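*Asks:* Sequence first, predicted model second:
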Amino acid sequence: MNKTIIININGIVFHIEEDAYEVLRTYMTGLKRHFAYSADSEEIVTDIENRLAEMFSEKLKQGHKQVIIVEDVEYVTEKMGTVDDFDIDDEDPTIRLSTAAFKTEKKLFRDMDDSIISGVCAGIGHYFDVEPKWIRLIAIITLFMGIGIPVYIILWLVIPKARTRVDKMAMKGEPINLQNFKKNFDEEIQNLKSGFKTARKEAKPAIHQLAKFIGKAGMIFVKFLGAIIILAGVLGLFVLGIGLITFLGYWNGNQLNTFPFNMVNPGYKSILTLSAFTLLFIPITALVVFAIRVLFAHFEVSKAVYFGMLIIWLTALGIGVYNISKIGSEFNEEAQYSIKSNLKQSKTFYLKLNPVQYLTKEDSMDYNIDPNNFKGRIIMNSRRGEFNLPRNVSLKIVKADISTPILIQEFSSKGPDFETALSFSQRAKHRYIQTDSLLLIDGNIHLQKGELWRDQKVHLVLRIPVSTTVFIEGTLNQYLEDYSLWDCQPQNAKKDFLSEWIMTANGLKCKNDSLYNQKRITAEPEEQF
Amino acid sequence: MIVENSQTQMRKGILEYCILSIISRGEIYASDIISELTKARLIVVEGTIYPLLTRLKNNGLLIYNWQESTSGPPRKYYTLSPAGEEVLKRLHSTWAELSYAVEVSLNERIIEPIKEKS
């Protein structure tokens, strides 16, 4: 006993067995697909349908029967010929091209007919022409390595199920044409007949239950993750918005004067802030939108939105880079400006880093340091402004040709042109204090309030007469050029150790050179034994 | 490749010529054209002819009439249009030229087509 279906071919009614119907339908689909690219598609297909109907009528009359069976369909389609036979008439080369492209394209689907959990491995196997068992083996190995589960869940979500026959054929990389349609269909029928698939399904109910459970758990996990991303993203956008307003206010109000913010000219501040803000804002928004889309399947976002966001992001990036390079051009020229001062004569000098990180009231006024906020009060260890610049003081000690010791402060600065650079270097201040033989040197250059940072530096040249003794504090080591204080002090010396140097005709010499050198020499053989 | 291509080209041209010639004999139904062509060993399956007929018709070389049939849907009976007659005439002379050219080229050796078992 077989189920029959009633079909209507251009007005003629036929009874057809279900199997035969499937074969016929596949054949017609293939035909329509084949002629879809030609202009007369409909007429050709109708002609063929009419002829098929006629042949069926003849068949039924000959056999004195009422129902079309698979053999009839096979006879008729054989007479009519397959899609490949029609190719003789392919005039338009594009038709061939398009069918060829149709054939070779292999797509990644989950194979539900050969699945253990969700057909991911089988699908990947088809895609790479590897037997699924090897993919499964890799999956199990990675499972134990810990990365397998999230990767599997992602693949499960991302790869679509092979639903239609076309999907399945694309998955296996079979050319989508009539023969394969038929073959594919026959295989399916075969599988159904032998009960192969159902038997297999019954054999692994536990696994399927587990798969369902994992699927649900995975969805819950993904939704949870998505919710967190959305919440965090929205919060982040909110904070970013407030931050933008505060930052703009602060910066434009000259409250934010630390390095590297003091590098930016006032004219560029707003635009740089805005582009930096956009550069952060867009990805977070995109992430939130994406998470919403994943969570709520019905929430559709057109590609134009993503594309627009990308364009805005790139624009912001471009503006940012452009402005930064403009600021970079402010560093084109360099200018120097020197102040030469005579020091009080002394047989011995004590060179120290000014340990006090505060300035007196007078100095505060003198150097224009925060005059508004602090009203001339003493500033202790200001963390803002001038003190946080990159290293900008260097010290060189050389022989003086005259009997007077001299300190030369060579200020240098960068700028867009020489004049500007020069005025920058003139506005920079550096302070030293001489009290008899003690010379205190500031470790930093001082810039006026609101001054732009243009790599202002001071190079100190201390010229002292021959045979003058100099005690140099260990903290000055990082500022000192040409000499290393480590060479003139015992091992494990404290930071404020005063190493003793003397100026000779050939430059500065460590006074107890032999002592420290000997120590080192005697120390070395010990290490060797 | 080249051989295959020229074979296809030759077959294609001659197929059209033959179809027009068959139709020129009088009103004829598509599947009868096919039996003629099969007899001439030019075509094997029916499907091939429908796209061809449709194209010839759309180019104005053929016209058709619907005729009721006892065994199924109404049939299309094709005849040549005046334009089709004109084309066929030209094809006749082209064919005469071609067959002369081939004959001369072959130097009167006659090649028998391979006979199929029937």
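*Replies:* Right, received. Where do you want to start?

*Asks:* Beyond the helix or strand bottoming out on mean pLDDT in chain B, next helix or strand please.
*Replies:* Least confident helix or strand of chain B, by mean pLDDT, DSSP states H and E, is helix B:2-24 with a mean of 83. Downstream of helix B:2-24, the first helix or strand assigned by DSSP states H and E is strand B:28-29.

*Asks:* List the contacts of that next one.
*Replies:* With CB atoms under 8 Å, 6 or more residues apart in numbering or on different chains as the test, strand B:28-29 has contacts from B:I22, B:R75, B:K76, B:Y77, B:Y78, B:T79. Bear in mind the C-beta positions are built from the backbone N, C-alpha and C, glycine included.

*Asks:* Low-confidence regions, the chain specifically.
*Replies:* Here I'm looking at chain A. Applying pLDDT under 70 to chain A flags the ranges A:1, A:85-105, A:146, A:165-166, A:175-208, A:253-259, A:297-298, A:355-389, A:513-529.

*Asks:* ah, I was thinking of chain B
*Replies:* Ranges of chain B meeting pLDDT under 70: B:1-2, B:44, B:108-118.

*Asks:* 90 instead, please
*Replies:* B:1-19, B:25-27, B:29-61, B:63-76, B:98-118 (pLDDT under 90).

*Asks:* Can you pull the residues of it lying near chain A?
*Replies:* Residues of chain B lying near chain A by CB under 8 Å from any CB of the partner chain: B:8, B:11-12, B:15, B:30-31, B:44-48, B:50-55, B:58, B:69, B:71-76.

*Asks:* try it again with 6 Å
*Replies:* B:V45, B:E46, B:G47, B:T48, B:Y50, B:P51, B:L52, B:T54, B:S71, B:G72, B:P73 (CB under 6 Å from any CB of the partner chain).

*Asks:* So A:E500: helix, strand or coil?
*Replies:* Assigned with DSSP: H, G, I helix; E, B strand; the rest coil, A:E500 falls in the strand class.

*Asks:* ok, it touching A:L508?
*Replies:* No - assessed by CB atoms under 6 Å, A:E500 is found out of contact with A:L508, at 10.9 Å.

*Asks:* related to what we said a few turns ago, so for the least confident helix or strand of chain B, what gets flagged as buried?
*Replies:* B:L15, B:E16, B:Y17, B:C18, B:I19, B:L20, B:S21, B:I22, B:I23 (16 or more other CB atoms under 10 Å in any protein chain shown).

*Asks:* rewinding a little: just the buried ones out of the residues of chain B next to chain A, please.
*Replies:* B:V45, B:E46, B:G47, B:T48, B:Y50, B:P51, B:L52, B:T54, B:G72, B:P73.

*Asks:* Relative to chain A, which of those is nearest.
*Replies:* B:V45 (2.5 Å; CB to the nearest CB).

*Asks:* follow-up on the earlier one: name the member of the contacts of strand B:28-29 with the most neighbours.
*Replies:* B:Y78 (24 neighbours; other CB atoms under 10 Å in any protein chain shown).

*Asks:* Tell me which stretches of the stretch 401-529 of chain A form helices.
*Replies:* Assigned helices in the stretch 401-529 of chain A, in chain order: A:418-427, A:513-528 (criterion: DSSP state H, counting those that start in this stretch).

*Asks:* same check, this time on chain B
*Replies:* Applying DSSP state H to chain B gives helices spanning B:2-24, B:30-39, B:49-58, B:82-106.

*Asks:* Can you name the next helix or strand after the host helix or strand of A:E42?
*Replies:* A:E42 belongs to helix A:41-63 when assigned by DSSP H and E. For helix A:41-63, the following helix or strand on the C-terminal side (DSSP H and E) is strand A:67-68.

*Asks:* And for that next one, what's in contact with it?
*Replies:* A:T4, A:F14, A:H15, A:I16, A:A20, A:F56 (CB atoms under 6 Å, 6 or more residues apart in numbering or on different chains).

*Asks:* which two from those end up farthest apart in space?
*Replies:* A:T4 and A:F56 (13.6 Å; CB to CB).

*Asks:* Neighbour count: those two, which is higher?
*Replies:* A:F56 (23 against 17).

*Asks:* Can you report how many residues lie near residue 39?
*Replies:* Let's take chain A. 12.

*Asks:* that's the other chain; I wanted chain B
*Replies:* Neighbours of B:K39 (other CB under 10 Å): 10.

*Asks:* Can you tell me how far it is from chain A?
*Replies:* 15 Å (CB to the nearest CB, to the nearest Å).

*Asks:* same deal with B:I22?
*Replies:* 17 Å.

*Asks:* Could you verify my assumption that that residue touches B:I33?
*Replies:* Yes - with contact defined as CB under 6 Å, B:I22 counts as touching B:I33 (5.4 Å).

*Asks:* quick one: A:M112 and A:G119 touch, right?
*Replies:* Yes - with contact defined as CB under 6 Å, A:M112 counts as touching A:G119 (4.9 Å).

*Asks:* So between these two, which is more surrounded?
*Replies:* Neighbours were counted for A:M112 and for A:G119 using other CB under 10 Å; A:G119 has more, 24 against 16.

*Asks:* so what's that one up against?
*Replies:* Here A:G119 is in contact with A:R110, A:D111, A:M112 (CB under 6 Å, 6+ apart).

*Asks:* between the residues you listed, which is closest to chain B?
*Replies:* Nearest to chain B among these, with distances taken as CB to the nearest CB, is A:D111, at 32.9 Å.

*Asks:* so which helix or strand takes in the nearest residue to the closest one once chain neighbours are set aside?
*Replies:* Counting by CB to CB, 6 or more residues apart in numbering or on different chains, A:D111 lies nearest to A:A122, which is 3.7 Å off, once chain neighbours are set aside. According to DSSP H and E, A:A122 maps onto helix A:120-128.

*Asks:* So what touches the helix holding A:E42?
*Replies:* A:9-10, A:12, A:14, A:32, A:35, A:68, A:72, A:76, B:50-51, B:54, B:71-73.

*Asks:* mind running it again at 8 Å?
*Replies:* Against helix A:41-63 from outside (CB under 8 Å, 6+ apart): A:9-10, A:12, A:14, A:28, A:31-32, A:35, A:38, A:66, A:68, A:72, A:75-76, A:79-80, B:30-31, B:46-47, B:50-51, B:53-54, B:69, B:71-76.

*Asks:* can you tell me which of those residues are in strands?
*Replies:* A:I9, A:I12, A:F14, A:I68, B:R75, B:K76 (DSSP state E).
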